[in-house]
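> fold the following and give me the result.
(one chain, ligands or ions: 2)
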Amino acid sequence: MDINQNINNSRQPNRPFKPKFNFYWLYMMIGLFFIIMMFWNPSVSVREMPYSKLEQALRDGCVQKLDITLAKQRAIATIEPECAKGLTGVEPAAENTPVKIETLLPSIDEFSKLVSELQQEKVFTGDVSYHEGKNYMEMLVYSILPILILVLFFVYMNRKMMNAGPGGGGGIFSVGKSKAQVFDKNNKNKITFKDVAGLAGAKQEVMEIVDFLRKPKKYTELGGKIPKGALLVGPPGTGKTLLAKAVAGEADVPFFSMSGSDFVEMFVGVGASRVRDLFRQAKEKAPCIVFIDEIDAVGRARGKNVNMGGNDERENTLNQLLTEMDGFGSNSGVIILAATNRADILDKALLRAGRFDRQIHVDLPDIHERKEIFQVHMRPLKLDPSVDIDFLSRQTPGFSGADIANVCNEAALIAARHNKSAVDKQDFLDAVDRIVGGLEKKTKILTAEEKRNIAYHEAGHATISWMLQYANPLVKVTIVPRGEALGAAWYLPEERQLTSREHILDDICALLGGRAAEDIFFNTLDTGAINDLERATKKAYAMVAYFGMSDKLMNMSYYDSTGQSDFGFTKPYSDKTAELIDAEAKAIIAEQYERAKRILIENREGHNKMAQILIEKEVLFGDDVKNILGPRPWKSRADELLDEQSSSSQTGNVLPPTDNDHSVEDGTDNK
Ligand code: NHX
Ligand code: ZN
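Ligands and ions are numbered 1, 2, ... in the order given. Okay, here's the model as predicted:
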């Protein structure tokens, strides 16, 4: 965002200063024109007189000349200077200057009759002239002026659009121009690779691309070809765009940046022509880098379904992109970077060699990378010595770079809210809770019965996850409403790459623990368990249909990683198999539910005790569970981490809910 501002700033000096054309000037000028028109009368020196005076002057033979305007039924009479004073009471301006009087005539016919009578009687001997009386000025105003205003309006609009477009393009006639932003290489606060924490592997790949552009000889001399494009793939918030910005900062070449959705416009053919324009500009400035963010907006696989329609425009854009990418020689020095979080839905043609021939995977940061990221984002903060970066990076598994940035900012805001002079550890922990679980809603009104139900539900999760070997280690359970949930169990999931069958089964069992507790203790069911059940069901189906873990469908996976199945509308298995999948998933859920109930009944007393503590204090920590249920008979790596955590934070036991301790909710490792 700050980069864009810089572009605008750096553009300004190049443009000659022009006083802004204000639309109100036009209005004012038109208004003024009309006002002048209304008051401007060519015969100001003429006196308006009643008709009787004119008739009298005629009969007295005082009229030198008569001008009759037919259309307006008006007459202007020039009065002899001698009679002027007596008749009109007006002194002539100078001697022998006639005075003019003007009147409205009752009827032209009558008046001309009178005039010819008087002429015959030789009373009136002056000239009579008749005018048609059309006002040409008025005609001009009504015919030319509207056109003039319209033309001015269009000129103004066009000028405005020209100035608006950041790429210098704009105007009504340049929809087909690309909207790419060109990054200046002498940008003041540009992003470099130093600002990119973690992402070691991706950084190296991208650095290589920068190197290609800096020293192309090194590669081409050996006969190698410079790659045409690289695709940055990774979950949201992992820093794909940041990486691209760093490339812009590091490479001493022009950098065109645009978003996939920038190609899309409501006019047909605009996307394709924008692609063409982008590549034309890029080729002019080669060597250079073109970055297309969120490329899935245009790069989604072209449909096979013809009657879908409506997608034609996007497909044309994609086709143009495909031809352009393969249309220039590979050493022409234009390298395309693109970012997406959904590589699986991209068109296969886009991913083939010669186009985006390398994919750079940007993963969620591991514990060490999170530490680096924390260090970057803590730089601007005023920190209390209690803040322990290692501890925080351990507490945030599954967080992306953007999440961590958010944690740091949120922590600073929380500290400011409490009028602290520095951000301390507790602020960071509260920020993590806030980001994982949402905003605390202490004001939510709960009946005593609801509170009891929630407490037993959460205690159920706590008991089960404590008693199962592979369930995620529990940090705490709370019954403070937060976000959408009325209560939550907070886990610190182990960071592992593979998940065993036992892990999933224990997870399902722990998820069902809440519902099972309500069932056992109150013999009622309520709607609150929807989220638990949804997740448990999804896990069960994934076990059966994706991971090949059920007995009857052993080693069968119906997962489609290509996302390009020709027959997307039918399942890749028979109805019989579908029934089998349903039955197996149901069996898993039923089995784990029975197991959960059994464990809860075995630990009835402990469960009751925990629920009572929860009702009283609203929060129950892992250490309390240990005191009540006894230590777990086995110990995982994550448990060790938890032990370390409680010894390092001195807040092992129940505290008032405001002093919530470090915690990560269950949902971080599954989806
Ligand atoms: C409602 N919420 O929607 C009320 C306000 C069973 C004690 N009418 O299982 O809070 O009922 O172990 C993410 C996370 C919906 C999305 C939790 C969407 C919860 C949570 C429904 C506790 N803890 N249920 C739980 C709960 C509810 C819900 C969610 C979500 C309850 C249960 C929510
Ligand atoms: Zn639950």
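> can you name the residue of the stretch 501-650 of the chain nearest ligand 2?
Nearest to ligand 2 in the stretch 501-650 of the chain, going by C-beta to the ion, is Gly514, at a distance of 3.3 Å. C-beta here means a position set from N, CA and C on the backbone, and glycine is covered the same way.
> what's the distance between that residue and Lys444?
As judged by C-beta to C-beta, to the nearest Å, Gly514 and Lys444 stand 18 Å apart.
> quick one, which of the two is more surrounded?
Per other C-beta atoms under 10 Å, whichever of Gly514 and Lys444 has more neighbours is Gly514, with 28 against 11.
> how about the more buried one, phi and psi?
phi -70, psi -50 (degrees, to the nearest 10).
> so who does it touch?
Neighbouring residues of Gly514 by C-beta atoms under 8 Å, 6 or more residues apart in numbering: His457, Glu458, Gly460, His461, Ala489, Gly528, Ala529, Asp532.
> which one among the residues you listed sits at the bottom for pLDDT?
The lowest pLDDT within the contacts of Gly514 belongs to Gly528, with 91.
> so Thr570: helix, strand or coil?
For Thr570, the secondary structure call by DSSP: H, G, I helix; E, B strand; the rest coil comes out as coil.
> let's number from 158 now, not from 1
Taking 158 as the first residue, the last one we looked at is Thr727.
> tally of neighbours for it?
Other residues close to Thr727 by other C-beta under 10 Å number 8.
> just give the closest residue to whatever residue of the stretch 208-357 of the chain ends up closest to ligand 1, not the sequence neighbours.
Residue of the stretch 208-357 of the chain nearest ligand 1, by C-beta to the nearest ligand atom: Gly355 (27.9 Å). With C-beta to C-beta, 6 or more residues apart in numbering as the criterion, Gly355 has its nearest non-adjacent residue at 3.0 Å, and that residue is Glu526.
> give me the contact list for the helix or strand containing that neighbour.
According to DSSP states H and E, Glu526 maps onto helix 524-535. Applying C-beta under 8 Å, 6+ apart, the external contacts of helix 524-535 come out as 352, 354-357, 522, 544, 546-547, 549-551, 553-554, 556, 558, 561-562, 564-566, 652.
> how far off centre is stretch 480-496?
How far stretch 480-496 lies from its chain's middle: 28 Å, per C-alpha atoms, centre = their mean, to the nearest Å.
> in it, what's buried?
Within stretch 480-496, the residues scored as buried using 16 or more other C-beta atoms under 10 Å are Glu481, Met482, Ser487, Asn488, Gly490, Val491, Ile492, Ile493, Leu494, Ala495, Ala496.
> likewise for stretch 690-709?
692-694, 696-702, 704, 706-707.
> again with stretch 391-407
Buried residues in stretch 391-407, counting neighbours by 16+ other C-beta under 10 Å, are found at 391, 394-407.
> let's see which of those residues end up in helices.
Of the buried residues of stretch 391-407, the ones assigned to helices by DSSP state H are Lys397, Thr398, Leu399, Leu400, Ala401, Lys402, Ala403, Val404, Ala405, Gly406, Glu407.
> hang on, isn't the fourth one packed against Glu362?
No: the criterion here is C-beta atoms under 8 Å, and Leu400 misses it with Glu362 at 9.4 Å.
> tell me the residues of this protein that contact ligand 2?
For the chain, the residues in contact with ligand 2 (C-beta under 5 Å from the ion) are Gly671, Asp689.
> hmm, 6 Å instead?
His614, His618, Gly671, Ala686, Asp689 (C-beta under 6 Å from the ion).
> for Gly670, see how far away whatever residue of the chain ends up closest to ligand 1 is.
Residue of the chain nearest ligand 1, by C-beta to the nearest ligand atom: Gly685 (2.4 Å). According to C-beta to C-beta, Gly685 and Gly670 sit 13 Å apart.
> contacts only, for Ala439.
Shown in contact with Ala439 (C-beta under 8 Å, 6+ apart): Phe413, Cys445, Val447, Val491.
> neighbours of the closest residue in space to Arg499 that isn't next to it in sequence, how many?
For Arg499, ignoring the flanking residues on the chain, the nearest one in space by C-beta to C-beta, 6+ apart is Asp453 at 5.0 Å. Number of residues near Asp453 (other C-beta under 10 Å) recorded here: 19.
> hmm, back to that, check the buried residues of stretch 480-496 and tell me the two furthest apart.
Greatest spatial distance among the buried residues of stretch 480-496 (C-beta to C-beta): Asn488 and Ala496, at 24.3 Å.
> show me what from the protein comes close to ligand 1.
Selection of the chain residues close to ligand 1 by C-beta under 6 Å from any ligand atom yields 611, 614-615, 618, 641-646, 671, 684-689.
> just the strands in this structure please.
Residue ranges of the strands in the chain, as given by DSSP state E, are 204-205, 220-226, 231-236, 256-261, 284-288, 338-340, 386-390, 412-416, 445-450, 491-497, 513-518, 631-635, 645-648, 776-778.
> and those, which one is worst for confidence?
If you rank the strands of the chain by mean pLDDT, strand 338-340 sits at the bottom with a mean of 75.
> mind listing the strands it pairs with, and their directions?
Sheet pairing for strand 338-340, assigned by DSSP bridges, gives strand 412-416 (antiparallel).
> output the strand it pairs with as CSV - backbone C-alpha positions only.
These are the backbone C-alpha positions of strand 412-416, laid out as CSV (Å, rounded to 0.1, in the frame of the first residue of the first chain):
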residue,chain,number,x,y,z
PHE,A,412,8.4,-4.2,-12.3
PHE,A,413,4.9,-4.3,-13.5
SER,A,414,2.3,-5.2,-10.9
MET,A,415,-1.3,-6.0,-11.4
SER,A,416,-4.1,-8.2,-10.0
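> touching that strand from outside, list them.
335-340, 342, 401, 404-405, 435, 438-439, 445-451, 454.
> and the angle for that strand with helix 397-407?
Put simply, strand 412-416 runs at 160 degrees to helix 397-407, going by axes from the mean of the first three to the mean of the last three C-alpha atoms, to 10 degrees.
> chain center to strand 412-416, what's the gap?
Mean-position distance between strand 412-416 and its chain equals 16 Å (C-alpha atoms, centre = their mean).
> buried residues, that strand. List them.
So, applying 16+ other C-beta under 10 Å, buried residues of strand 412-416: Phe412, Phe413, Ser414, Met415, Ser416.
> stretch 262-271 now?
Counting neighbours by 16+ other C-beta under 10 Å, stretch 262-271 gives Leu262, Ile265, Phe268, Leu271 as buried.
> which other residues reach it?
When contacts are defined by C-beta under 8 Å, 6+ apart, stretch 262-271 is touched by residues Tyr208, Glu212, Leu215, Ile225, Leu227, Gln230, Arg231, Ala232.
> in this protein, what helix or strand scores lowest on average pLDDT?
Here the helix or strand of the chain ranked lowest by mean pLDDT, DSSP states H and E is helix 159-168, holding a mean of 38.
> surely Gly391 and Lys397 touch.
Yes: contact status for Gly391 versus Lys397: in contact at 5.7 Å, counting by C-beta under 8 Å.
> ok, Pro790 - how many residues close by?
7.
> go on, Leu305?
11.
> equivalent analysis for Arg216, please.
The number of residues packed near Arg216 is 14, by other C-beta under 10 Å.
> please consider this matter closed, and thank you.
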